[in-house]
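Undergrad: Show me how the following folds:
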Amino acid sequence: MADSSARLVAYQRRATIPVFIATLCVVPVLIFERSSNSAWANAAQILNWVSWLVLAAHVAVSFAIGGVAGLRLAWLDALLVIVSVPVAPSAFGAARLLRLVRVLRLGVALSSTMRHAK
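TA: Numbering: from 1, shown residues only. This next block holds a predicted model:
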C-alpha cells in the first residue's frame, strides 16, 4: 500500500503541468468553437477532445495506480471528466468552463506551497 501511495504521489507531481496545460486549452476552444471559419471551429473541436482525453487519462491512471485513493486524490478531475464530455449536447457546452476550476485549484495549491516554503 505504501508503494502504491508513493507512486501515486509521484505520478500526481509529474502530471500536474501537462494536465494544467490541457486544462488551459479550454480557453481557445471556447473562443474559436463558434467561429464562422470552419477550420478554426474544427481545430477548436479537436483541441477540446485532446484536452478532455488528457484529463480522462489522468483520472484513469490515478485510479490504476492508487485505486479508490487515486480517485479521492483526483475527485475534481473525475467530476470534470463526467460533466464536460465533448459529445454532450451544446446545452452542456458551458460545463467545459468548469475545467477552468482546476486552474484555480492549482493556483491555490501553488500559493500555499510557496507560503510554506518561506
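Undergrad: how about the helices of the protein, start to end?
TA: Taking DSSP state H, the helices of the chain run over residues 2-24, 26-32, 38-66, 68-73, 75-83, 100-117.
Undergrad: Off-centre distance for the first one?
TA: Okay, so that is helix 2-24. 11 Å (CA atoms, centre = their mean, to the nearest Å).
Undergrad: and if you look at the fourth one?
TA: Per CA atoms, centre = their mean, the displacement of helix 68-73 from the mean C-alpha position of its chain is 15 Å.
Undergrad: pLDDT on it, on average?
TA: For helix 68-73, mean pLDDT is 89.
Undergrad: With the last one instead?
TA: Model confidence over helix 100-117, given as mean pLDDT, is 64.
Undergrad: Gln45 is in contact with Cys25, correct?
TA: No - Cys25 is beyond contact range of Gln45, at 12.0 Å (criterion: CB atoms under 8 Å). All C-beta spots, glycine's among them, are computed from the backbone N, C-alpha and C.
Undergrad: Can you give me the pLDDT of the residue sitting nearest the centre point of the chain?
TA: What sits nearest the mean C-alpha location of the chain, by CA atoms, centre = their mean, is Leu55, with 4.0 Å. You'll see Leu55 listed with a pLDDT of 91.
Undergrad: That one: what's it in contact with?
TA: 19, 22-23, 77, 80-81, 99 (CB atoms under 8 Å, 6 or more residues apart in numbering).
Undergrad: how much space between the residue nearest to Leu80 when sequence neighbours are not counted and Ile46?
TA: For Leu80, ignoring the flanking residues on the chain, the nearest one in space by CB to CB, 6 or more residues apart in numbering is Arg99 at 5.3 Å. According to CB to CB, to the nearest Å, Arg99 and Ile46 sit 16 Å apart.
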